[in-house]
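1. Got a sequence here, can you model it:
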Amino acid sequence: MKLEVPGVPEQRLFWLLHASMFRQYCEAVQRLQSGTCPFCELDGNVNRIVCQNGSWFAWPNPWPQPGQTHHLVIAHRRHIRHVEELDPDTDWRDLGKIVDELTSRCYRIAGGVFAMRFGDPKFSLASEEHLHSNIRVPSGEGHVEVTVAWSRSEAGRKMRIACAFEKMRRGTFSELSSREKKLVENRL
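-> Model prediction:
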């Protein structure tokens, strides 16, 4: 099984494996084909900025995983990839301020997980090359995790989902095999 998407370089196909919903997959394909960064050119119809400062801006993840009360994304205003590119004074101070604002004023979050993905996505499993962080708050109704690596079986499952999504993108749901339909039926 091989994922092939016209206009998307092979080395960028990895990002399509992050799509959990068909619409998310289609938007990711469009972004990869156009070469735009979704954080540099934030779509106001999909992402609603809830707070920002001189270095960072934040919004609720439009594609949250189930079992979370909140899943917030915090991205740097500049297109940078690695923490070594951050100003040791301004950027880190501003990150602390935006996390405080999100957790104490915007959402009053009593606890959760703060995780930053940076550098090579092979090591961070980032869905985008743009340096960003996530705040995740479990609802207590299901499994929630911050994944930094996939097992072979999980990577294979994600590849099968992406291949089914691509088949749908080029055709229709009815053209999928019964196995493919079962794999994506709750992801439409």
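2. Contacts made by stretch 173-188 with the rest, please.
-> Counting by Cβ atoms under 8 Å, 6 or more residues apart in numbering, stretch 173-188 makes contact with S20, M21, F22, R157, R160, I161, C163, A164, F165, K167, M168, all of which sit outside it. For the C-beta atoms, the positions are set from N, CA and C on the backbone; glycine is no exception.
3. of these, buried ones?
-> When neighbours are counted using 16 or more other Cβ atoms under 10 Å, the contacts of stretch 173-188 contain these buried positions: M21, F22, R160, I161, C163, A164, F165, K167, M168.
4. Which of the residues you listed sits closest to C40?
-> Among those, M21 lies closest to C40 (Cβ to Cβ), at 22.5 Å.
5. Closest one of the buried ones among the contacts of stretch 173-188 to R152?
-> Ranked by distance to R152 (Cβ to Cβ), the buried ones among the contacts of stretch 173-188 are led by R160 at 12.7 Å.
6. list the contacts for that closest one?
-> R160 makes contact with M1, E180, L183 under the criterion Cβ under 8 Å, 6+ apart.
7. Let's have those in TSV, adding neighbour count, secondary structure and distance to L86.
-> Shown next, in TSV, are the contacts of R160 (neighbours: other Cβ atoms under 10 Å; DSSP: H, G, I helix; E, B strand; the rest coil; distance: Cβ to Cβ, whole Å):
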residue	neighbour count	secondary structure	distance to L86
M1	7	coil	39
E180	18	helix	43
L183	17	helix	39
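8. Throw those into TSV and include pLDDT and distance to G119, thanks.
-> Converted to TSV, these look like this (pLDDT from 0 to 100; distance: Cβ to Cβ, whole Å):
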residue	pLDDT	distance to G119
M1	77	28
E180	94	34
L183	93	31
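9. Helices along this structure, start to end?
-> When assigned using DSSP state H, the helices of the chain occupy the ranges 22-34, 90-100, 121-124, 152-170, 178-184.
10. coming back round to it: specify which member of the buried ones among the contacts of stretch 173-188 is nearest to Q11.
-> Ranked by distance to Q11 (Cβ to Cβ), the buried ones among the contacts of stretch 173-188 are led by C163 at 17.6 Å.
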